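**Q** pasting a predicted model and its sequence here:
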Amino acid sequence: MCPAAYISKLERGNFDLTGPKQLTEVDWTNNHHRRAVVASLVEGAYNLEYDRQESRDPQVQSSRWWNFFHFQLKRALVDDKDSSIYGAVYEIKHTYLNHLPKCAPKYVIAFRGTILKLSTAKRDLKLNIKVLTDVLHMDRHRFKPALEAVQQVVQEAGSANIWLAGHSLGSSIAMMVGKSMAQEGKCMEAFLFNPPLLGNVLLKIIGNQYLQDAMRLTETLQGQYDQFNALSSWIPNLFVNRHDPICSEYIGHFRNRNNVEKQFGAGMIGRVAVLQPTLGVLKAAVGMDPQLSTQLLPKAYLTISESSSSCSILEAHGLRQWWYHMSLGPAFADLLRKKSISDPVLMGGP
């Protein structure tokens, strides 16, 4: 059985049918609990947009995705280009404000991924192209307002106990926001589900040795090393499925780093060279100045889903897998967790 099994329209958004309802007591020190809760909050952001499209009251059903875990919706984030809801700012309920449970967040800011519906597909697909071409950070209608929304929450409440989260396209937005905040000296906890990384996959398809060599040798400017090094104190949580071609390259990226460092020298050269995306490679190949990849991460806590290879790409890339075992009975859920989802491992250390 695939953890991210197909969800019908009837099931979509129904917490009581598909949500982690077994998680009645959250242990915020438990990595699997944290993952399931945060994935549920991202699902809430998806369902806010579905509610908008289908003219539903979010309090009827979608609010279960955050109310169940004692959060309240403080603000929905709206794209001024297509009026879609692309994210949500959640605040833990006031009963906890003066004595937060150990390791619990005060705020979670969550970003949804692509929705292939008529009113959102065009805009979302354009943003995916910006991710692929490494220019998402230049987007004025979603990324920059997302960053401003996070900065506003940080200004009001401080950066401690504020978490970022996103799935797919939303994880790219959360990653860029997290990097921007880290460069300001504010390292925020981040949960990135199925973050896209396609550059090295495309290089394998191209199969051009000159481009592969360029990938490893383009980043030579000290200023770019400094930019990369400035992020080393920010360690986000990455959640990838081994059979998801959209994000699984992160596994190879981190595990192959040692080999690259041995071949090209330890430290910054190896770390930067191992993740130069296709666009940067092509720029280098024609003599243009390649920029540091926005998808590059010095370090991360990596959690891998080992779901069956018989899963479709959509299932392997789905959000549901990250809480699925907690929507089942406790005994089966524990067995499934041990078989399918790893504990987080620090990658890119020390």
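**A** Arrived safely, thanks for sending.
**Q** could I get the contacting residues of Pro58?
**A** 47-48, 51, 73 (Cβ atoms under 8 Å, 6 or more residues apart in numbering). C-betas here are computed from N, CA, C, even on glycine.
**Q** please repeat the previous calculation with a cut-off of 6 Å.
**A** 48, 51 (Cβ atoms under 6 Å, 6 or more residues apart in numbering).
**Q** could you measure from Ser171 over to Leu100?
**A** Noted for Ser171: a distance of 25 Å to Leu100, by Cβ to Cβ, to the nearest Å.
**Q** what's the answer for Pro196, then?
**A** Distance from Pro196 to Leu100, by Cβ to Cβ: 33 Å.
**Q** so those two - more neighbours on which side?
**A** Counted by other Cβ atoms under 10 Å, Pro196 and Leu100 do not tie: Pro196 has more neighbours, with 24 against 13.
**Q** so what's the most centrally placed residue in the chain bridging to?
**A** Computing the C-alpha centroid of the chain and ranking residues by Cα atoms, centre = their mean puts Leu192 first, at 2.2 Å. Note on Leu192: beta-bridge partners Gly166, Leu238, judged by DSSP bridges.
**Q** could you count how many residues lie near Leu346?
**A** Residue crowding around Leu346 was assessed by other Cβ under 10 Å; the count is 12.
**Q** looks to me like it is in a helix.
**A** No. Residue state for Leu346 (DSSP: H, G, I helix; E, B strand; the rest coil) corresponds to strand; a helix is not indicated.
**Q** report the beta-bridge partners for it.
**A** Listed beta-bridge partners, Leu346: Tyr301 (assigned using DSSP bridges).
**Q** from now on call the first residue 601
**A** I'll keep to 601 as the first residue from here, and by that count the last item is Leu946.
**Q** for Lys899, see how far away it is.
**A** Going from Leu946 to Lys899 by Cβ to Cβ gives 7 Å.
**Q** what does Val637 give?
**A** 23 Å.
**Q** higher neighbour count, the two?
**A** Each of Val637 and Lys899 had its neighbours counted (other Cβ under 10 Å), and the higher figure belongs to Val637 (28 against 18).
**Q** how far out from the middle of the chain is the strand or helix carrying the more buried one?
**A** Under DSSP states H and E, the secondary-structure element containing Val637 is helix 631-653. Averaged C-alpha coordinates place helix 631-653 at 12 Å from its chain's average position (Cα atoms, centre = their mean, to the nearest Å).
**Q** so which bits of that helix are buried?
**A** Burial within helix 631-653, assessed by neighbour count using 16 or more other Cβ atoms under 10 Å, is assigned to 631-652.
**Q** cool, and stretch 751-759?
**A** By neighbour count on 16+ other Cβ under 10 Å, the buried set for stretch 751-759 is 751, 753-754, 759.
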